[in-house]
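> below are the sequence and a predicted model for it; my questions follow.
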Amino acid sequence: MTNFQLMQFKHPEILYFLFLLVLPILVHLFQLRRFKKEYFTNVKFLKELSIQTRKSSQLKKWLLLATRLLLLTAMIIAFAQPFFKAKDSKGVTNELYLVVDNSFSMQAKGKQGELLKRAVQELLEKTPENTTFSLLTNDDVYWNTDIKSIQKELMNLEYSATSFQLDQSLTKIKSRKTPFNKDVVVITDAINLQSNQLKTIDETINPIFILPKAEQKNNVSVDSVYLQQTLDNFYEIGVKLKSYGKSEQEIPVAIYNQKQLIAKTQVKLNQAEKELFFTIPKADFNGYVFIDEPGLSYDNYYYFSISKPEKASVLAIGEADKNQFLTKIYTENEFVFLQYELKSLDYNLLDKQDAIIINEIKEIPQALQTTLKAFYEKGGNIIFIPSEENNVANINSLLQNFGSFSVNDLIKTEKQITTISFAHPLYSGVFEKKAANFQYPNTKKSFSLKSAYPSILTYEDQNPFLTVVSNSLGSFYVFSAPINKVNSNFKNSPLIVPTFYNMAFQSAKTGINALTVGNSSPITIDQLLAKDEIISVISSDKKSEKFIPQQQILNNKVKLTFAESPSKAGNYNAQKDNTTIKNISFNYSRTESDLGLDNSNLLESYENGNSIETVFDALQTNRTNNVLWKWFVILTLLFVVLEILIQKFVK
């Protein structure tokens with residue numbers, strides 16, 4: 001009854017033809033005439049037969065009348081084109097937006113294969129050809145297209161190094177100016193989805209979420225590679241593996257230098273993290289670590305490079321006797337070490353150094369401060385050791401050029417250096433384990449140093465003895481006390497060699513080279529470029545990418561900054577005039593490796609669809625009027641057949 005009340009007609013004026021139903025009624029009444037009594041011979045059987053035939057004829061006429069009335073009624077209603085109005089008739093003009101998460105977590109396998117590939121296949125098969133929509137992926141946007149126009153792009157859709165950010169996609173959709181409402185269908189596994197990303201959902205956008213699920217959430221990734229120690233002829237490298245979920249089987253681990261197998265082993269991960277150590281030849285390395293495991297494949301590779309060790313240039317400014325300990329650290333086989341007293345210093349030499357040590361200069365001239373600031377900004381390392389004869393104002397004048405540092409008057413109190421920041425990059429690989437009963441060095445006099453930066457070495461009163469500020473290229477190290485033999489026994493401490501050795505070296509000179517795709521961290525290359533010369537970067541397999549990074553000439557160095565390029569992980573060569581000058585490696589961020597970070601529960605309060613097909617069907621059904629005229633045409637034909645049967649079989 002309710003449906004009948006909601007029935008509407010496309011051509012309601014045709015219903016006036018229902019008055020034609022009067023005609024068959026009049027015809028029927030005209031045919032109803034009285035029978036005249038005719039008397040024949042008195043045969044009882046014939047009289048009863050006449051009465052029976054008369055009743056049968058009347059029944060036939062009534063049946064024919066009803067059939068013709070229903071036939072005419074059905075035909076008139078069919079021409080009026082009845083329908084039930086759609087539940088969501090206002091959404092017929094809505095614009096459709098498809099948001100597809102193509103981050104690496106969608107590489108996981110569901111019941112019908114990889115989640116992303118299955119979603120793409122379903123889009124290609126189930127999206128109506130006449131439907132116009134906009135498609136948004138992690139990296140690209142295709143506005144106002146259709147499935148035929150975008151078929152090639154969908155079939156070639158690759159996994160993105162950019163994590164899925166729902167709020168960014170919805171913001172792009174909101175920015176599209178249109179008079180129509182918007183339907184948004186989001187296909188994502190909700191890995192790493194954060195609640196704050198849902199804040200962009202409001203009354204203007206009410207998305208439908210399709211949440212494909214991985215059947216297997218176990219995964220193992222190569223998390224990082226680091227230089228454990230440098231030997232005379234070999235490097236010892238550490239490989240850190242991370243396990244997410246349970247890993248029962250042994251996993252093969254191999255190291256390749258380009259395509260040559262260097263080392264191989266097998267490991268069973270019975271814990272969340274495991275470190276393996278390999279010894280490789282001390283030479284240029286441009287390869288990768290590979291693990292063979294059935295989880296996500298993108299994090300089974302870790303690309304890294306090790307450049308042939310270059311001699312670092314170090315210049316110490318100070319008195320010769322106070323610089324004597326530095327000559328034992330900066331030896332000729334690894335360093336080009338120069339030392340000058342301030343009065344004989346050639347300022348032109350400073351720009352050619354990798355590190356400059358200011359060692360207990362009584363007064364730091366303004367010209368030297370300006371030169372040191374420019375040196376630091378171009379990627380140089382500076383090590384500042386104060387003199388107890390330094391004026392506090394003069395020290396602060398230097399420190400303010402580099403960051404939030406300041407010192408107060410010299411304190412004549414002996415203090416011990418009791419805390420080492422083992423996690424600091426300066427001591428990476430130096431200590432096999434944290435020292436519990438370390439013989440602490442001390443100082444007799446020190447400046448009270450205030451620093452906004454973490455301490456590397458700390459006094460027992462929690463004040464810093466050594467701290468640092470970095471600008472991603474260079475570092476400025478500050479000691480709070482003189483370290484001459486009269487004031488401190490720090491030179492006799494086991495810390496003296498690794499501290500000064502690592503402060504002088506830059507990451508570009510030694511160590512593992514492994515950048516992250518999409519991370520704009522710069523590197524410096526020792527290369528003298530003319531104004532019209534550039535450095536280009538090309539994939540080492542010559543099949544992937546070639547691009548020109550952002551570059552800045554810094555005297556005899558070049559600063560390279562990588563933003564959008566490269567888009568693929570791998571080993572690359574920095575080239576000048578088609579000659580390789582440095583190997584550079586890039587890896588994908590490991591943020592997608594943990595498939596256990598499924599936050600689909602955050603989407604339970606929103607509309608969810610089982611598949612792309614069901615979502616499209618629901619949208620079509622809710623927005624399509626239920627047309628009934630076909631049913632009335634069928635009824636008309638049925639009544640025609642019924643009339644024929646009545647005419648033939650009813651006497």
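Arrived safely. Since the model is a prediction, treat every value here as computed from it, not as a measurement. Numbering: from 1, shown residues only.

> contacts and neighbour counts: CA atoms only from here.
Will do.

> hey, where'd the strands end up in the stretch 251-400 of the chain?
Secondary structure of the stretch 251-400 of the chain (DSSP state E, counting those that start in this stretch): strands at 260-268, 273-281, 285-291, 301-306, 312-317, 335-340, 355-359, 381-385.

> name the helices or strands packed onto the fourth one?
Read it as strand 301-306. For strand 301-306, the packing partners by 3 or more CA pairs under 8 Å, 6 or more residues apart in numbering; DSSP states H and E come out as strand 219-230, strand 285-291, strand 512-513, strand 570-576, strand 579-587.

> same question for the first one.
Judged by 3+ CA pairs under 8 Å, 6+ apart, the packing partners of strand 260-268 are strand 250-257, strand 273-281.

> which one, of the ones you listed, ends up nearest to Ser224?
Closest to Ser224 of the helices and strands packed on strand 260-268 is strand 273-281 (CA to CA; 9.6 Å).

> out of the strands of the stretch 251-400 of the chain, which is the most enclosed?
Of the strands of the stretch 251-400 of the chain, the one with the most neighbours on average (mean count of other CA atoms under 10 Å) is strand 301-306, at a mean of 25.

> that strand vs strand 579-587, what angle?
Between strand 301-306 and strand 579-587, the angle comes out at 140 degrees (axes from the mean of the first three to the mean of the last three CA atoms, to 10 degrees).

> before we move on, the earlier item: distance to Ile535 and mean pLDDT for the helices and strands packed on strand 260-268 - can I get that in a markdown table?
Listed next are the helices and strands packed on strand 260-268 as a markdown table, based on distance: least, CA to CA, whole Å; pLDDT from 0 to 100:
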| stretch | distance to Ile535 | mean pLDDT |
| --- | --- | --- |
| strand 250-257 | 24 | 93 |
| strand 273-281 | 28 | 90 |
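
> so which of these comes closest to Ile553?
Set against Ile553 and scored by CA to CA, the helices and strands packed on strand 260-268 come closest in strand 250-257, at 30.8 Å.

> ok now the closest one, how far from the chain's centre?
With CA atoms, centre = their mean, to the nearest Å as the basis, strand 250-257 stands 26 Å off its chain's centre.

> how about it as CSV, C-alpha atoms only?
Extracted in CSV, the C-alpha atoms of strand 250-257 (Å, rounded to 0.1, in the frame of the first residue of the first chain):
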residue,chain,number,x,y,z
GLU,A,250,65.0,-19.4,7.9
ILE,A,251,65.4,-16.4,5.6
PRO,A,252,68.3,-16.2,3.1
VAL,A,253,70.3,-12.9,3.4
ALA,A,254,72.6,-11.9,0.6
ILE,A,255,74.9,-9.0,-0.1
TYR,A,256,75.6,-7.9,-3.7
ASN,A,257,78.1,-5.4,-5.0
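
> quick one on the thing from earlier: closest one to Asn102 among the strands of the stretch 251-400 of the chain?
Closest among the strands of the stretch 251-400 of the chain, using CA to CA: strand 301-306, at 19.1 Å.

> sheet partners, orientation included, of that closest one?
Strand 301-306 pairs in its sheet with strand 285-291 (antiparallel), strand 512-513 (antiparallel), by DSSP bridges.

> possible to save the strands of the stretch 251-400 of the chain as TSV with distance to Leu123?
Below are the strands of the stretch 251-400 of the chain laid out as TSV (distance: least, CA to CA, whole Å):
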stretch	distance to Leu123
strand 260-268	40
strand 273-281	39
strand 285-291	33
strand 301-306	30
strand 312-317	57
strand 335-340	61
strand 355-359	58
strand 381-385	55
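
> picking up where we left off before, nearest to Val184, out of the strands paired with strand 301-306?
Here strand 285-291 is closest among the strands paired with strand 301-306 (CA to CA), at 38.9 Å.

> chain center to that closest one: distance?
Worked out by CA atoms, centre = their mean, strand 285-291 lies 23 Å from the chain centre.

> what's next to that strand, contact-wise?
221-222, 251-259, 300-308, 571, 583-585 (CA atoms under 8 Å, 6 or more residues apart in numbering).

> and stretch 359-373, by the same measure?
For stretch 359-373, contacts defined as CA under 8 Å, 6+ apart pick out 316-319, 322-323, 342, 350, 382, 384-391, 394-395, 398, 401-402, 482.

> buried set for that stretch?
359-362, 364, 372-373 (16 or more other CA atoms under 10 Å).

> where's that stretch relative to the chain centroid, distance-wise?
Centroid separation for stretch 359-373 versus its chain: 46 Å, with CA atoms, centre = their mean.

> skipping adjacent residues, who's closest to the most centrally placed residue in the chain in space?
Nearest to the geometric centre of the chain sits Ser163, at 1.0 Å (CA atoms, centre = their mean). Sequence neighbours aside, Ser103 is the residue nearest to Ser163 in space, at 5.6 Å (criterion: CA to CA, 6 or more residues apart in numbering).

> quick check, that neighbour in contact with Tyr159.
Yes - Ser103 lies in contact with Tyr159 (CA atoms under 8 Å); the separation is 5.5 Å.

> which of these two has more neighbours?
Legend: neighbour count by other CA atoms under 10 Å for Ser103 and Tyr159, higher for Ser103 (24 against 20).

> tell me the contacts of that one?
The contact partners of Ser103, by CA under 8 Å, 6+ apart, come to 138, 159-164, 592.

> so which of these comes closest to Val120?
Looking across the contacts of Ser103 and measuring by CA to CA, the closest to Val120 is Tyr159, at 12.0 Å.

> so the closest one makes contact with Asn102?
Yes - Tyr159 lies in contact with Asn102 (CA under 8 Å); the separation is 5.2 Å.

> overlap in contacts, those two.
In contact with both Tyr159 and Asn102: no residue, using CA under 8 Å, 6+ apart.

> now the helix or strand containing Phe30: average pLDDT?
Applying DSSP states H and E as the criterion places Phe30 in helix 22-31. Averaged across helix 22-31, pLDDT comes to 73.

> now for it, which elements pack on it?
helix 44-80.

> tell me the mean pLDDT over the helix it packs on?
Averaging pLDDT along helix 44-80 gives 70.

> go on, stretch 501-514?
70.

> ends of that stretch, what's the gap?
The first residue of stretch 501-514 is 22 Å away from its last residue (CA to CA, to the nearest Å).

> stretch 339-359 too?
Using CA to CA, the end-to-end distance of stretch 339-359 comes to 10 Å.

> now stretch 556-570
Taking CA to CA, the span from the opening residue of stretch 556-570 to its closing residue is 28 Å.

> bridging residues for the residue nearest to Ser163?
Going by DSSP bridges, Ser103 forms beta bridges with Ser160.
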